[in-house]
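Visitor: Turn this into a model:
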Amino acid sequence: MCRIFFRHRDLPTRREQRSRANPEINFRNGGSAEGSLARRGGRPIPKGLGLPTQHSQRPLAAPALSQAILSAVLGRRLLLPHDADYESARRIWNGMIDRRPAVIARCAVEEDVCRAVRFARRLGLLVAVKGGGHNVVAGNATCDGGLMIDLSLMRGVKIDPERRLATVEGGCLLPDLDRAAQSWGLATPAGIVSTTGVGGLTLGGGFGWLSRKFGLTIDSLMSARLVTANGEGINVGPHENEDLFWAIRGGGGNFSIATAFEFRLHPVGPQMFSGMIIRPFDQAQDYLRFHREFVRTLPDELTVWMVIRYAPRFPSCPPMFTDVSSSRCPSSTLAIPPRESE
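Guide: Residues are numbered from 1 along each chain as shown. Predicted coordinates:
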């Protein structure tokens, strides 16, 4: 699938929007955190929506405030470096990222997020937001010396099978959504790997196994709940705060904190056909040519990924590939939902 986007000359680019941000709070992009949009098409966005990226951060020394004061402000799910669960909570999927927040606020409801943002704003703290924590490269879901707002306790999913809608909290991983939706034979296009967070995937655009048939994840995003830099919870959608809704659909970079999403669901499953085709590396050139021509003939229901990598030690991978540690192989992974007539 190839998508070409054209931008109207009167609309600012994402970079232009960020440069106009009102620096009221220092934010790292990450998890379900998104950044600042000053205006679109000449219409200003209300003050307090922008969450600028960090330019100057103010680290918080944990002893500077007593745990009693922090708990009173941020709630009892607060974690400091000496707490037993701190080490596991600060970790993200990418083990190469090793940062140590001064405080971790583990939020269970949206009001917890609002309080954490207001607290950080008053003290001028650097803030990182951890949704699913699957920051593969940048590691923006965590920070050194600042406040991590951890949404991993917010993993509720509600399915409306009649309207084919799913309401998903900001800390959910893909299996949380898939499991709930598949109980009704429904799904939305959302990612490839089960450890991915719904929030970060969606706010980055989102491409998955069902995207050839149903588009990007943001194509099925109907509305969202956001917490702004003022610490206020708001609704965004096609007819409410529509500029901000436009911005979070793939814009990236500090457009508030997404605490919940509403997705359109599509009839899929519960039966799927999938598999893996593996070839030795010395056949890669011929197989890539075949793959290029073959995928042009496929229906939209069939998604094919081509990967050249070291052989994975999966049960489905033949020993002839995995026995040699230096072996590489091109592989295609297939996934196709049955047609409605089948």
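
Visitor: Distance check, Gln283 against Gly275.
Guide: Shown here: Gln283 relative to Gly275, a distance of 18 Å by Cβ to Cβ, to the nearest Å. The C-beta positions use only the backbone N, C-alpha and C, and glycine is treated the same way.

Visitor: Repeat that for Val157.
Guide: Applying Cβ to Cβ, the value for Val157 to Gly275 is 28 Å.

Visitor: Compare those two (neighbour count), which wins?
Guide: Using other Cβ atoms under 10 Å, the more surrounded residue of Val157 and Gly275 is Val157, with 17 against 10.

Visitor: show me what contacts the more buried one?
Guide: By Cβ atoms under 8 Å, 6 or more residues apart in numbering, the contact list for Val157 reads 166-169, 172, 176-177, 179-181.

Visitor: same question, Cys317
Guide: Going by Cβ under 8 Å, 6+ apart, Cys317 touches 276, 278, 311.

Visitor: Put the buried members of those residues into a ChimeraX selection.
Guide: To isolate in ChimeraX the members of the contacts of Cys317 that are buried, counting by 16 or more other Cβ atoms under 10 Å, one can use:
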select :278,311
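
Visitor: pretty sure Gly199 belongs to a strand, no?
Guide: No: applying DSSP: H, G, I helix; E, B strand; the rest coil, one finds Gly199 to be helix, outside a strand.

Visitor: Verify the stated contact: it with Gly171.
Guide: Yes: under the criterion of Cβ atoms under 8 Å, Gly199 makes contact with Gly171 at 7.4 Å.

Visitor: and the residue lying closest to Leu165 once chain neighbours are set aside, how far is that from Phe207?
Guide: Excluding the flanking residues, the one nearest Leu165 by Cβ to Cβ, 6 or more residues apart in numbering is Glu262, at 6.0 Å. Using Cβ to Cβ, Glu262 is found at 20 Å from Phe207.

Visitor: same for the single longest strand found in the chain, what does it pack against?
Guide: In the chain, taking DSSP state E as the definition, the longest strand is strand 254-264. Packed against strand 254-264 by the contact rule (3 or more Cβ pairs under 8 Å, 6 or more residues apart in numbering; DSSP states H and E) you find strand 33-35, helix 110-123, strand 165-169, helix 198-203, strand 221-227, helix 242-248.

Visitor: Quick one: low-confidence residue ranges for the protein.
Guide: Residue ranges of the chain with pLDDT under 70: 1-76, 136, 252-253, 312, 316, 318-342.

Visitor: Just the helices from it, written as ranges.
Guide: Here the chain has its helices, by DSSP state H, at 14-19, 67-74, 86-90, 110-123, 174-182, 198-203, 211-214, 242-248, 284-294, 319-322.

Visitor: Deepest-packed of those helices, please.
Guide: Highest mean neighbour count of the helices of the chain: helix 198-203, a mean of 30 (counted as mean count of other Cβ atoms under 10 Å).

Visitor: contacting residues around it?
Guide: 30-32, 34, 131-132, 134-135, 141, 151, 168, 170-174, 176-177, 190-191, 208, 217-218, 221, 248, 250-252, 255, 258, 261.

Visitor: quick revisit: count the neighbours of the residue nearest to Leu165 for me.
Guide: Other residues close to Glu262 by other Cβ under 10 Å number 18.

Visitor: now it: how far from Tyr86?
Guide: Distance, Glu262 to Tyr86, using Cβ to Cβ: 33 Å.

Visitor: With Leu153 instead?
Guide: Counting by Cβ to Cβ - Leu153 and Tyr86 are separated by 15 Å.

Visitor: what does Pro238 give?
Guide: Here Pro238 is placed at a distance of 41 Å from Tyr86 (Cβ to Cβ).

Visitor: now do Gly146
Guide: 14 Å.

Visitor: One more: Ala166?
Guide: Ala166 sits 32 Å away from Tyr86, taking Cβ to Cβ as the criterion.

Visitor: again with Pro270
Guide: In terms of Cβ to Cβ, Pro270 sits 40 Å off from Tyr86.

Visitor: Would you confirm that Phe245 contacts Asn235?
Guide: No: in this structure, Phe245 is not within contact of Asn235 by Cβ under 8 Å, at 9.1 Å.

Visitor: Now for the two: what residues contact both?
Guide: Overlap of the contact sets of Phe245 and Asn235 (by Cβ under 8 Å, 6+ apart) consists of 223-224.

Visitor: Tell me the spacing between the closest residue in space to Gly139 that isn't next to it in sequence and Gly133.
Guide: Excluding the flanking residues, the one nearest Gly139 by Cβ to Cβ, 6+ apart is Ile97, at 3.2 Å. To Gly133, Ile97 is 10 Å away according to Cβ to Cβ.
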